[in-house]
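1. what follows is a predicted structure for the sequence shown.
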Number of protein chains: 2
Amino acid sequence: MIEVNAPVTMSDVARAAGVSTATVSRVVNGHYGVSARTVAQVRSAIEQLGYESSLVATSLRRSRTNVLGLVAHSFQSYTAEVLKGVMKALSRSGFDLIIYANSDLYGSYSEGWEQRHLTRLSGTLTDGCIVVTPWGEVRSRTPVVAIDPVRGSTAPSVISDNLAGATTAVEHLLGLGHRRIGFIAGRDSLASAWSREEGYRAALTSAGVPVDPTLIGRGDFNPESATPLARVLLQRPDPPSAIFAASDGMALKVLEVARELGFSVPGDLSVVGFDNIPESALTQPGLTTVDQSMYQLGYEAARMLKSLVTGEWDEPSQIVLPTSLVVRGSTAPPKSATRP
Amino acid sequence: MIEVNAPVTMSDVARAAGVSTATVSRVVNGHYGVSARTVAQVRSAIEQLGYESSLVATSLRRSRTNVLGLVAHSFQSYTAEVLKGVMKALSRSGFDLIIYANSDLYGSYSEGWEQRHLTRLSGTLTDGCIVVTPWGEVRSRTPVVAIDPVRGSTAPSVISDNLAGATTAVEHLLGLGHRRIGFIAGRDSLASAWSREEGYRAALTSAGVPVDPTLIGRGDFNPESATPLARVLLQRPDPPSAIFAASDGMALKVLEVARELGFSVPGDLSVVGFDNIPESALTQPGLTTVDQSMYQLGYEAARMLKSLVTGEWDEPSQIVLPTSLVVRGSTAPPKSATRP
DNA sequence: CCTGGAAACGTAACCGATAACGATTGCAGT
DNA sequence: ACTGCAATCGTTATCGGTTACGTTTCCAGG
């Protein structure tokens, strides 16, 4: 059932219209130097044959394609939300979007995936790219905007105010009376992971609570990475009364482990996440979390990239977006609320 | 701040390794006819220069690219869910995914967007494509699988059991005691829209309730299209006691209009949607809806496309997936529950 | 030592488009 | 009728790869 009609190329159109491909190209791109009569002929041939220019061939020869790219490692809720924002920013902008996602999750190509995708695309196909949570610094011929960049990067990027968000989250727990608060960290190389840990430490310190390193588990933002860490924390003889996870995906895994081990939430254990992905509102109880608008991240990144590509950028190259605490059912005062 | 290092091409590698580009190509693609010594030299040059083959150039010359495409008109929750399923099916399959989305929503190019995108991609870039909710039949050199195809299409496709789903939804309302049930239809050209309307009619008819054409509003699945239609239905002197919308996006708009006009839901008005997008669980009250697993649609479509591309397909070319009713807070017995 | 054939590698055409450049045509001015 | 300059259009090189084909190298067999 596969249609095998050969694709109609520019030379087909040229032959049908009795002109050269150069002329067809000029007509297609609205360039100067074609008589009205010829334009009409070519247009009619294009119409009849149903010709569409090949994005590939065009981009190989041309520098500008009016296509922006987005590369992402996996494709979970986070990325999906980002995408909605990107599409919104690009709507009616004249830029189309190409998203490149590889299927080799956790495969041998994982290391440096973003560089690989970027070179393959930005060689010619796209005028610029958005990279979502890269694993390292990237180099590209065309502009690149990172969403949630690596730590220490000075390249254009969009990021949430992770320090403030994390601080607020931990202050919320402290305010409820928690003193032994566990933390599950994100992938160390990301600026966001680092800031969230900083916020955790800062909030504890300024409340006069010493930071206990044994209460910190080192995850990597991957939900699965949190499971064993949560198990370790909760199976201690002296488990924490609350756990703050650096991402909702990981926090949901904490909830899972807690249920599995017989902890009631929020009775025995309070849990706070970070991100506010849609799923977090659906759990029982709902997950208290720090809302970062992934939609907004995508929107701003696309806006920034657009300006970079068209060369009309004048704002600072690192945008920081505010966060806000969303309190749901997963947090409550600890059972033995000691008042010091 | 834009990096301007020229991209490293195959001829750069060839020069560095002291061979021709043909040899480099052979090494890259693991073809026969290169001595071990040369292979080592070329590999080392590739390593040193950080060469990555250009997807564009490769796909122009080659027939097979190991990249599948997905084209979608807009990018809302529906598409995002589908994408997750597609990525899952493609994970570790050797196929990468390119998603092409245009920014000209509602623009002049809307008509026939899927054909336009398809020709641009499938000319060479992709080995096959998934089209999400097309507007018409498409033709392509490479295999195409439609998710939610147009009515009457015989091309490979994946679709939910919309007839059964809609019937169940309306039966649920009938069971609660509703008799005046409004309907907001989807885009007529889609098979799904047609089946959902059929289900609506069938359920009413078999319950002995006459179908009142004035209670049917003609939307197009676009959430915004539902707003004026809902307004018309609810501002009648004799508004329906329930409204079934052919998509959650439209149903949510009905809720909006209801609130705006002072209808309490579900007190004055019951609302049922179709799709079960994540947002539907978050509204107050939650939206009763027909769950169709968009994730599953994407998963199956990708699986089907994979098989079509590799030529190992043997299942029927039209897959129908089951649906199920999800009852939430937006439905209740009508206030004046007349028992006939 | 010569021959033959396979292995190894380079040359060049080609994929579908764009653009620099050159060639042709048309027409006004003299 | 002739010159000169635009306007129009075709020729061709090129983008970065792949591959058919031709050429050289190498070694075994006669």
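-> Nice, I can see it.
2. can the helix or strand containing A:K306 be found next to chain B?
-> Assignment of secondary structure by DSSP states H and E places A:K306 within helix A:294-310. Yes - judged by C-beta under 8 Å from any C-beta of the partner chain, helix A:294-310 comes into contact with chain B at A:L308. For the C-beta atoms, the positions are set from N, CA and C on the backbone; glycine is no exception.
3. C-terminal to that helix, what's the next element?
-> Helix A:294-310 is succeeded, C-terminally, by strand A:318-321 (DSSP H and E).
4. excluding its backbone neighbours, what's nearest A:R116?
-> Nearest residue to A:R116, sequence neighbours excluded (C-beta to C-beta, 6 or more residues apart in numbering or on different chains): B:E52, at 5.7 Å.
5. also A:G94?
-> Excluding the flanking residues, the one nearest A:G94 by C-beta to C-beta, 6+ apart is A:N66, at 5.9 Å.
6. give me the nearest residue to A:E114, chain neighbours excluded.
-> Excluding its sequence neighbours, the residue lying closest to A:E114 (C-beta to C-beta, 6+ apart) is A:P134, at 4.6 Å.
7. quick one: contacts for the one you found?
-> A:114, A:146, A:149-150 (C-beta atoms under 8 Å, 6 or more residues apart in numbering or on different chains).
8. tell me the secondary structure at it.
-> Secondary structure state of A:P134, per DSSP: H, G, I helix; E, B strand; the rest coil, is coil.
9. over to it: give its phi and psi.
-> Listed backbone geometry of A:P134 is phi -70, psi 160, with angles given as degrees, to the nearest 10.
10. for DNA strand C, see how far away it is.
-> Applying C-beta to the nearest atom of the strand, to the nearest Å, one obtains 30 Å for the distance of A:P134 from DNA strand C.
11. burial of A:E224, as a residue count?
-> By the measure other C-beta atoms under 10 Å in any protein chain shown, the count of residues near A:E224 is 12.
12. check which helix or strand it maps to.
-> When elements are assigned from DSSP H and E, A:E224 belongs to helix A:223-234.
13. please see if that helix touches chain B.
-> No - among the residues of helix A:223-234, none lie within reach of chain B under C-beta under 8 Å from any C-beta; the closest is 13.7 Å away.
14. just the CA trace of that helix, in PDB.
-> Extracted C-alpha coordinates of helix A:223-234, given in PDB (Å, rounded to 0.1, in the frame of the first residue of the first chain):
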ATOM      1  CA  PRO A 223      13.000   9.500  38.400                       C
ATOM      2  CA  GLU A 224      14.500   6.000  38.700                       C
ATOM      3  CA  SER A 225      17.600   7.300  40.300                       C
ATOM      4  CA  ALA A 226      15.600   8.400  43.300                       C
ATOM      5  CA  THR A 227      14.200   5.000  44.200                       C
ATOM      6  CA  PRO A 228      17.200   3.500  45.900                       C
ATOM      7  CA  LEU A 229      18.100   6.800  47.500                       C
ATOM      8  CA  ALA A 230      14.700   7.200  49.000                       C
ATOM      9  CA  ARG A 231      14.900   3.600  50.300                       C
ATOM     10  CA  VAL A 232      18.200   4.300  52.000                       C
ATOM     11  CA  LEU A 233      16.900   7.400  53.700                       C
ATOM     12  CA  LEU A 234      13.700   5.800  54.900                       C
END
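15. for it, buried residues please.
-> A:223, A:225-227, A:229-231, A:233-234 (16 or more other C-beta atoms under 10 Å in any protein chain shown).
16. please work out the average pLDDT along it.
-> Here the mean pLDDT over helix A:223-234 is 95, rounded to a whole number.
17. please report how far whatever residue of the stretch 151-300 of chain A ends up closest to DNA strand D lies from B:V211.
-> Evaluated by C-beta to the nearest atom of the strand, the stretch 151-300 of chain A has A:A155 as its residue closest to DNA strand D, separated by 22.9 Å. Separation of A:A155 from B:V211 (C-beta to C-beta, to the nearest Å): 60 Å.
18. between these two, which one's more packed in?
-> Using other C-beta under 10 Å, the more surrounded residue of A:A155 and B:V211 is A:A155, with 21 against 13.
19. would you confirm that the more buried one contacts A:L305?
-> No - contact criterion C-beta atoms under 8 Å: A:A155 and A:L305 do not qualify, at 11.8 Å.
20. would the residue nearest to A:R116 count as being in a helix?
-> No - with three-state DSSP as the criterion, B:E52 is located in coil rather than a helix.
21. picking up where we left off before, just confirm the residue of the stretch 151-300 of chain A closest to DNA strand D is within a strand.
-> No - with three-state DSSP as the criterion, A:A155 is assigned coil and is not in a strand.
22. which stretches of the stretch 51-200 of chain A form strands?
-> Defined through DSSP state E, counting those that start in this stretch, the strands belonging to the stretch 51-200 of chain A, from first to last, are A:67-72, A:96-101, A:128-132, A:144-147, A:157-160, A:181-185.
23. who wins for proximity to DNA strand C among those strands?
-> strand A:67-72 (13.1 Å).
24. now do that closest one and strand A:96-101, the angle between them.
-> Strand A:67-72 and strand A:96-101 are oriented at 20 degrees to each other (axes from the mean of the first three to the mean of the last three C-alpha atoms, to 10 degrees).
25. show me what strand A:67-72 is packed up against.
-> Packing partners of strand A:67-72 (3 or more C-beta pairs under 8 Å, 6 or more residues apart in numbering or on different chains; DSSP states H and E): helix A:77-90, strand A:96-101, helix A:113-122, strand A:128-132, helix A:294-310.
26. can you put these in CSV and add mean neighbour count and distance to DNA strand C?
-> Below are the helices and strands packed on strand A:67-72 laid out as CSV (neighbours: other C-beta atoms under 10 Å in any protein chain shown; distance: least, C-beta to the nearest atom of the strand, whole Å):
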stretch, mean neighbour count, distance to DNA strand C
helix A:77-90, 24, 21
strand A:96-101, 24, 15
helix A:113-122, 23, 16
strand A:128-132, 27, 18
helix A:294-310, 23, 16
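27. with distance to A:P239 and mean pLDDT added, can I get the ones you listed in JSON lines?
-> Listed next are the helices and strands packed on strand A:67-72 as JSON lines, based on distance: least, C-beta to C-beta, whole Å; pLDDT from 0 to 100:
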{"stretch": "helix A:77-90", "distance to A:P239": "28", "mean pLDDT": "88"}
{"stretch": "strand A:96-101", "distance to A:P239": "38", "mean pLDDT": "86"}
{"stretch": "helix A:113-122", "distance to A:P239": "37", "mean pLDDT": "78"}
{"stretch": "strand A:128-132", "distance to A:P239": "34", "mean pLDDT": "92"}
{"stretch": "helix A:294-310", "distance to A:P239": "31", "mean pLDDT": "93"}
